[in-house]
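A.B. asks: Okay, sequence plus prediction incoming.
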Amino acid sequence: QVQLVESGGGLVQAGGSLKLSCAASGRTFSNYAMGWFRQAPGKEREFVAVISGRGSNINYSDSVKGRFTISRDNAQNTIYLQMNSLKPEDTAVYYCACHRSAYSYSVRTNDYNAWGQGTQVTVSS
């Protein structure tokens, strides 16, 4: 059973930066793609970024491309999301997630079957 624990959320002014972390345990971490997703009040959970097991493939949603950077440290079983130039519309609960299948990769929420508890990111204008 994989466990994911996010940290690093908080309140920041527009234009500021935050770095989220997600520590994983329970699977061979480097075999699995990991993703960041977010959910704003009244909206569906949406894809933000994904990184393959070895870090060779990365994708971002159009809304964060050029501002956010996903990375991973397989020795530490941790992934990160560096968020720069934050906007009020980035306000949401951010979740990290582990893909359901080893050696697979996708941006679809339903392909991820392990989720962290979420961390709140609030960007004030």
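C.D. replies: That came through, no problem.
A.B. asks: sec struct for N110, please.
C.D. replies: Secondary structure state of N110, per DSSP: H, G, I helix; E, B strand; the rest coil, is helix.
A.B. asks: gap between it and Y80?
C.D. replies: Taking C-beta to C-beta, to the nearest Å as the measure, N110 and Y80 are separated by 24 Å. In short, each C-beta sits where N, CA and C put it, glycine included.
A.B. asks: who has more neighbours, the two?
C.D. replies: Counting neighbours by other C-beta atoms under 10 Å for N110 and for Y80 shows that Y80 has the greater number, 19 against 7.
A.B. asks: just to confirm, which helix or strand has the residue most central in space within the chain in it?
C.D. replies: Centrality entry for the chain: nearest residue to the mean C-alpha point is W36, 2.0 Å, by C-alpha atoms, centre = their mean. In this structure, W36 sits in strand 34-39 according to DSSP states H and E.
A.B. asks: For the protein, just list every one of the helices.
C.D. replies: Counting by DSSP state H, no segments of the chain form helices.
A.B. asks: Quick one: end-to-end distance for stretch 110-125.
C.D. replies: Distance between the boundary residues of stretch 110-125 (C-alpha to C-alpha, to the nearest Å) amounts to 32 Å.
A.B. asks: What average pLDDT does that stretch get?
C.D. replies: The predicted model gives stretch 110-125 an average pLDDT of 97.
A.B. asks: Please compute how far that stretch lies from its chain's middle.
C.D. replies: Relative to the chain's own centre, stretch 110-125 is displaced by 7 Å; criterion: C-alpha atoms, centre = their mean, to the nearest Å.
A.B. asks: ditto for stretch 86-105
C.D. replies: Its chain's C-alpha centre lies 3 Å from the corresponding centre of stretch 86-105 when counted by C-alpha atoms, centre = their mean.
A.B. asks: Over to stretch 100-112?
C.D. replies: In terms of C-alpha atoms, centre = their mean, the centre of stretch 100-112 is found 13 Å from the chain centre.
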